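Asker: this is the structure alone, sequence omitted:
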């Protein structure tokens, strides 16, 4: 089968996590750049990558890349690409764009030029002058970086963080893709306790359980490219069948999740049930100060309020001090906290063993990592 170039996009700072996932899926020629990890594979990579990638945002297929310093170069090179291999006569295609440090800096103009070039290419192939655009959806993206244009098709549709299980949410929820990355960047293992004492809608404990039980994150949802003619339906069926066969149904886990908000816990339980992991997460309505650490060598991963959208500064500072007082008394526990609070270490009462810059949506945060003694 023909080989294609794909790009898995990611939130800035998570490239290494996504790269590891791509390696584990067996893809080849992996290259990393800011917010993007490219790899090559045949067309079967579309269902495989979309169903299995846990920390990536979406999967793009590269239709072409070329130098473009003028609109004429952009038009002619785009027109020469094999659009009819992907887009049928009634394909409903749209164009989005971005440009960074390039001579062609007008994004609306670049989008318009690319759309006209694609139309001309398809008109020549299908011998028509007008397109109904009532078929499957195709989102074309033109990205120009330092005068090099990359033309891609989005195979995902709604972002990969849309797993399908989170129908009940709370204010300022953590994206599922970022939640998984926090777990991947920790020392948590299947045989260790996981605690999220400010769980909100339950994203961190649910993603932990999905990862541990090897439940593919995209197994419950549909993708825009499932309607594309170029991808045989049997590839989607085979990959989903493969995914169901790999679930560890007998795994026993100790995952504890609590929150002071009873409505949040109610939502979290509902989400866990939809995700199929409600049997291994223990939810409880409980304020942080009442939490007791279960055994030794546990792992706490949490996304506490930042006072950006939830809570007052005084409430947040009190919570951070309580966290430090509790966890610093047990040196066997490892604690991982993502927050935008620059005074967190001072309030927590300990300097982090490691700190990593991440973005939670548009909010710049740090992922503070406090390592406990090893079992």
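Answerer: In hand now; what should we look at? Here the structure is a predicted model, which means the values were calculated and not measured.

Asker: pLDDT of stretch 179-190, averaged?
Answerer: Mean per-residue pLDDT for stretch 179-190: 97.

Asker: distance from it to the middle of the chain?
Answerer: Here stretch 179-190 shows a centroid-to-chain-centroid distance of 14 Å under the convention CA atoms, centre = their mean, to the nearest Å.

Asker: so which bits of that stretch are buried?
Answerer: Neighbour counts using 16 or more other CB atoms under 10 Å place 179, 180, 181, 182, 183, 184, 185, 186, 188 of stretch 179-190 among the buried residues. (Glycine included, C-beta is placed from N, CA and C.)

Asker: nearest residue to residue 372 other than its sequence neighbours?
Answerer: Residue nearest to residue 372 in three dimensions, not counting chain neighbours: residue 334, with 4.2 Å by CB to CB, 6 or more residues apart in numbering.

Asker: now do the phi/psi pair for the one you found.
Answerer: The main-chain torsion angles of residue 334 are listed as degrees, to the nearest 10 and equal phi -100, psi 140.

Asker: any idea how far it is from residue 188?
Answerer: Distance from residue 334 to residue 188, counting by CB to CB, to the nearest Å: 8 Å.

Asker: which residues touch the residue nearest the centre of the chain?
Answerer: For the chain, residue 177 is the residue whose C-alpha lies nearest the centre (CA atoms, centre = their mean; 3.2 Å). Applying CB atoms under 8 Å, 6 or more residues apart in numbering to residue 177 gives the contacts 10, 11, 14, 54, 55, 56, 57, 159, 160, 161.

Asker: kindly report the same for residue 138.
Answerer: 86, 87, 91, 92, 93, 94, 153, 228.

Asker: let's verify it: helix, strand, or coil?
Answerer: Three-state call for residue 138 (DSSP: H, G, I helix; E, B strand; the rest coil): strand.

Asker: same question for residue 367.
Answerer: Secondary structure, three-state DSSP: residue 367 is strand.

Asker: for this structure, what's the longest helix?
Answerer: The helix of greatest length in the chain, counted in residues with DSSP state H as the criterion, is given as helix 107-126.

Asker: which parts of the stretch 151-300 of the chain are strands?
Answerer: Counting by DSSP state E, counting those that start in this stretch, the stretch 151-300 of the chain has these strands, from start to end: 194-196, 255-259, 281-285, 299-302.

Asker: OK, contacts around residue 277?
Answerer: Contact criterion CB under 8 Å, 6+ apart gives 206, 209, 210, 213, 215 as the residues in contact with residue 277.

Asker: mind running it again at 10 Å?
Answerer: Taking CB atoms under 10 Å, 6 or more residues apart in numbering as the criterion, residue 277 is in contact with 165, 202, 205-210, 212-213, 215, 253, 255, 271.

Asker: let me know the closest of those to residue 352.
Answerer: residue 208 (21.0 Å; CB to CB).

Asker: picking up where we left off before, of the buried residues of stretch 179-190, closest to residue 74?
Answerer: Looking across these and measuring by CB to CB, the closest to residue 74 is residue 181, at 35.0 Å.

Asker: could you measure from that closest one over to residue 355?
Answerer: Relative to residue 355, and taking CB to CB, residue 181 is found at 15 Å.

Asker: so where's the stretch 201-350 of the chain shaky on pLDDT?
Answerer: Counting by pLDDT under 70, the ranges of the stretch 201-350 of the chain that qualify are 307-311.

Asker: and the helices in it?
Answerer: When assigned using DSSP state H, counting those that start in this stretch, the helices of the stretch 201-350 of the chain occupy the ranges 203-212, 233-245, 262-275, 313-327, 344-348.

Asker: picking that back up, pull out the buried positions in the longest helix of the chain.
Answerer: Buried residues in helix 107-126, counted by 16+ other CB under 10 Å: 110, 111, 113, 114, 115, 117, 118, 119, 121, 122.

Asker: so what's the closest residue to residue 219 other than its chain neighbours up against?
Answerer: Leaving aside its chain neighbours, residue 219 sits nearest to residue 243 (5.0 Å; criterion: CB to CB, 6+ apart). Contacts for residue 243 (CB under 10 Å, 6+ apart) come out as 47, 48, 51, 52, 214, 215, 216, 217, 218, 219.

Asker: is the fifth one in contact with residue 248, as I believe?
Answerer: Yes - here residue 214 lies in contact with residue 248, judged by CB atoms under 10 Å, at a distance of 5.3 Å.

Asker: show me where pLDDT drops low in the stretch 1-150 of the chain?
Answerer: Using pLDDT under 70 as the threshold, the predicted model of the stretch 1-150 of the chain has low-confidence ranges 1.

Asker: tell me where it has helices.
Answerer: Secondary structure of the stretch 1-150 of the chain, counting by DSSP H, counting those that start in this stretch: helices at 15-24, 45-52, 71-79, 107-126.

Asker: the buried residues of stretch 179-190 in helices, which ones?
Answerer: Per DSSP H, helices hold the following members of the buried residues of stretch 179-190: 179, 180, 181, 182, 183, 184.

Asker: and the two most separated of those residues?
Answerer: Greatest spacing in those, by CB to CB: 179 and 184 (9.9 Å).

Asker: got any residues that touch both of the two?
Answerer: Taking CB under 10 Å, 6+ apart as the contact criterion, the residues that touch both residue 179 and residue 184 are 54, 55, 207, 211.

Asker: got the contact list for the third one?
Answerer: Contact criterion CB under 10 Å, 6+ apart gives 54-55, 163, 165, 174-184, 217, 275, 277, 301 as the residues in contact with residue 207.
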